[in-house]
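S.K.: need a 3D model of the sequence below.
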Amino acid sequence: MTHSDFRKKKHKGLLKNVEIFPSNDAFTGLPSRRKFIGTAMAGGLSLYVANAFGTMKILSHQDLENNAVADRPFEISLTINPTRGNLPILNWAEEGNWCGRISTIPNTSDEMLEEIKKRGWPATITMWAHPSTRRRQFERWNQPIPDVNEVMARFKRVFGDNFAWEIFTEDDSAGVAYPYTLLREKPGTYEEAKILFDNYLAEAMDVAKPHSDVEQWGRSGYASGAHAFASQGINLLLIERANDDIEDLQTAIAFARGASRQYGCKWGIDFSLWWGVINGCVEKLPTLFHKRNFYLTYYSGADNITVEGGDLLYDLSNNKPNLLGTALAEFGIFTRKEKRGEVKIPVVVVLPEGHGWMTPSYWQTTREAWNYAHIPYRQGYRGVDAFFSMAFPGSNFAMDPFPFGSYKSNNPPASPFAMSCITPEFAPEQKDIYYAEPPLPFGRFENRDKAREDMVKNQTETSPYRPMGTTRWGDVIDVLISTASERVLNYYKVVVLLGPVKMDKPMKERLEAYVKAGGKLLMSAGVAGPYDNDLCGVEIQPELWAGTAWQWKDEPFKGEPFRYCPSKVTPGVNVQILAQTNSGSPLITCYRNGKGVVYTCLVPWFEGVTTLMGAAERMFDEVIGSLQEISIEGLPIHWTSSQREGEMIVTLSNSSTTEWTGCIKVPGDGLGTSKCKELLTGKTFAVQSKGKLLTCEVVVPPYDVMVISIC
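M.R.: The predicted structure is shown next:
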């Protein structure tokens with residue numbers, strides 16, 4: 001493609017429906033729209049983007065890699081298999097103008113594809129690219145195995161290139177996909193598991209690459225697969241949530257948003273309606289659980305929310321949406337009128353490439369990585385667990401197939417394939433069959449079908465049985481893997497190295513440049529070693545001592561058992577000792593280098609006996625807690641913040657059985673006339689001015705969400 005041919009192309013990846021014009025005439029070609037962002041960044045281009053108001057913004061190399069565009073387009077994808085019999089569902093979604101896209105299956109008829117097109121929607125086709133996975137899944141469904149080229153040709157005849165292909169659909173968690181390889185091959189190391197995954201992805205991409213002229217999406221089941229999928233050059237990364245066999249929302253957002261920034265793609269959350277606890281879907285039950293998930297995801301900056309089981313959201317017999325369908329439509333209409341503003345994320349956690357980590361569930365009795373490979377934790381992984389438990393308290397309760405304790409009969413199981421259960425259908429060998437032990441030896445229901453019947457009959461709110469975590473510092477964390485470039489690191493004010501990140505020469509050079517440019521780096525002994533005094537300002541001794549008490553600055557000593565590496569401050573450098581042992585040995589040091597700071601914890605991996613070591617926890621509170629302009633006073637709650645011109649937006653999600661009463665404090669500079677309004681209900685709250693702070697006391701009902709505007 002020549003420069004002149006390219007000038008009028010519309011890029012459908014990072015930015016939707018905008019004209020793009022290269023500002024560098026040296027640009028001579030574009031392999032595919034899907035690769036546009038990476039190609040543009042590699043060439044050092046700037047892009048002129050026309051927004052909805054006709055004004056122009058120059059997107060620099062830095063903007064593209066950072067995705068630093070406020071109010072990026074947002075859409076809701078509704079997953080449905082349209083037929084003549086369920087066309088009222090399409091009519092409902094169209095009339096409300098809240099649905100932006102229809103996701104469907106490869107055997108959807110041409111007639112129904114035309115129905116999607118005539119309503120102005122693009123489509124997404126859900127069809128596994130990996131040949132063995134596609135074969136296993138469609139054989140399991142007793143359906144013909146789709147021919148990729150034939151299906152793609154048919155969709156192109158209808159939509160042109162105005163559709164996406166979801167090439168990965170929970171390939172990291174589905175029993176027919178990569179987990180089957182893990183169970184069959186049984187890799188014994190992290191490196192072996194990663195090689196298997198890399199090979200699996202390469203086999204899938206061999207099928208997908210010939211069709212790179214259309215958008216390609218990837219849906220991860222676990223957060224651990226996010227960066228691997230995004231690295232394949234997909235346009236949109238989704239992570240599935242709202243199911244009892246997957247992890248928490250907070251971690252999914254942090255991983256997806258970080259992978260999006262690292263690899264230049266869009267991101268979103270896919271919401272399931274399935275709840276294995278009742279062996280069924282939740283469309284006939286109260287909706288507060290999904291409501292909180294929807295608004296938190298939107299105000300965390302997602303580009304897309306996909307909702308599975310769209311066929312279930314509409315009551316065809318009464319020709320109206322059910323409770324969950326109504327809640328989704330209300331949410332979609334809200335997003336059309338209320339822009340969320342700019343979401344600023346100041347902190348990034350860097351994990352090792354090929355880490356295989358996922359939020360450990362509270363009922364698991366062992367700690368393992370790479371999910372179905374069951375590889376024991378490496379050194380440093382307890383610190384990863386502890387950090388995310390501190391950042392997102394209660395997040396390890398989300399994957400919970402046992403809220404009602406034990407069932408008298410485990411037939412049907414919570415899932416035929418999950419971390420809690422591998423049934424014979426998905427077990428390569430007899431020894432792979434597995435049923436997790438429930439945390440209680442007693443329970444409420446005879447079986448899961450009885451649980452469903454009871455909850456539907458009594459219209460039981462599901463939220464008490466579907467825990468969601470809170471946030472210690474608000475929604476301030478992204479997650480990258482250790483291959484992230486210096487340019488990506490520079491977007492964040494704070495970088496935290498977690499787990500056994502390899503401190504090789506290229507990594508150290510990127511970190512040194514990041515710090516000298518003004519960044520704050522937090523790391524521990526284990527990542528930093530005896531030869532890293534040029535980075536951390538202290539000479540770490542290659543031995544372990546035991547401590548019994550520690551002191552933060554001039555505060556009283558606190559008793560706590562811990563292990564630490566003795567160290568010596570490098571002569572002639574600007575190092576401050578923030579915490580020390582009762583014997584005077586440095587425990588937390590602060591080394592100023594250039595415009596930035598390196599904080600080093602001499603406790604290996606930040607790990608205490610069962611949680612983070614106390615001094616490490618204090619360090620995180622001091623550094624990360626100081627970054628937030630907003631403070632929330634009250635009992636723990638999940639909150640996010642964003643900023644529009646002259647206005648702060650705070651989203652509060654209460655996952656408690658009681659109403660939450662608390663206070664929001666924001667700096668008054670740059671805000672308007674000191675008004676506080678809840679955007680979902682229109683309710684107003686009194687605002688008080690205390691010095692340079694504006695304070696607003698609010699009450700959030702049990703299991704509900706509020707979006708507070710302070711201006």
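
S.K.: from the contact counts, what lies against the helix or strand hosting N91?
M.R.: Here N91, judged by DSSP states H and E, is contained in helix 87-96. Other helices and strands packing on helix 87-96, by 3 or more Cβ pairs under 8 Å, 6 or more residues apart in numbering; DSSP states H and E, are helix 110-118, strand 314-315, helix 323-337. (Glycine included, C-beta is placed from N, CA and C.)

S.K.: most tightly packed of those?
M.R.: strand 314-315 (a mean of 20; mean count of other Cβ atoms under 10 Å).

S.K.: can you tell me the average pLDDT over the helix or strand following that strand?
M.R.: Using DSSP H and E, the helix or strand that directly follows strand 314-315 along the chain is strand 320-321. Mean per-residue pLDDT for strand 320-321: 96.

S.K.: just stretch 144-152 next, same as before
M.R.: 97.

S.K.: could you list the buried residues of it?
M.R.: The neighbour-count check on stretch 144-152 (16 or more other Cβ atoms under 10 Å) flags 146, 148, 151-152 as buried.

S.K.: same check, this time on stretch 619-639
M.R.: For stretch 619-639, by 16+ other Cβ under 10 Å, it's 619-620, 623-624, 627-628, 630, 632, 634, 636-639.

S.K.: restricted to strands, list those.
M.R.: Judged by DSSP state E, the buried residues of stretch 619-639 include 632, 638-639 as members of strands.

S.K.: quick one: these as JSON lines, columns for pLDDT and distance to V597 too.
M.R.: Below are these laid out as JSON lines (pLDDT from 0 to 100; distance: Cβ to Cβ, whole Å):
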{"residue": "I632", "pLDDT": "96", "distance to V597": "26"}
{"residue": "H638", "pLDDT": "98", "distance to V597": "29"}
{"residue": "W639", "pLDDT": "97", "distance to V597": "27"}
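
S.K.: for the residues you listed, which one is nearest M127?
M.R.: If you rank these by distance to M127 using Cβ to Cβ, H638 comes first, at 34.9 Å.

S.K.: burial count for the closest residue to the closest one other than its chain neighbours?
M.R.: Nearest residue to H638, sequence neighbours excluded (Cβ to Cβ, 6 or more residues apart in numbering): S653, at 4.2 Å. By the criterion of other Cβ atoms under 10 Å, S653 has 26 neighbours.

S.K.: list the contacts for S653?
M.R.: By Cβ atoms under 8 Å, 6 or more residues apart in numbering, S653 lies in contact with 292, 295-296, 468, 637-639, 700, 705.

S.K.: which one of the residues you listed is nearest to L113?
M.R.: Set against L113, the nearest of the contacts of S653 by Cβ to Cβ is Y295 (32.0 Å).

S.K.: can the helices and strands packed on helix 87-96 go into CSV with extra columns for distance to Y180?
M.R.: Converted to CSV, the helices and strands packed on helix 87-96 look like this (distance: least, Cβ to Cβ, whole Å):
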stretch, distance to Y180
helix 110-118, 31
strand 314-315, 34
helix 323-337, 32
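
S.K.: I278: which of these is closest?
M.R.: Here helix 323-337 is closest among these (Cβ to Cβ), at 14.3 Å.

S.K.: for the helix or strand just after that closest one, name the packing helices and strands.
M.R.: Per DSSP H and E, helix 323-337 leads on to strand 347-351 as the next helix or strand towards the C-terminus. For strand 347-351, the elements it packs on are helix 249-263, strand 477-481, strand 494-497, judged by 3+ Cβ pairs under 8 Å, 6+ apart.
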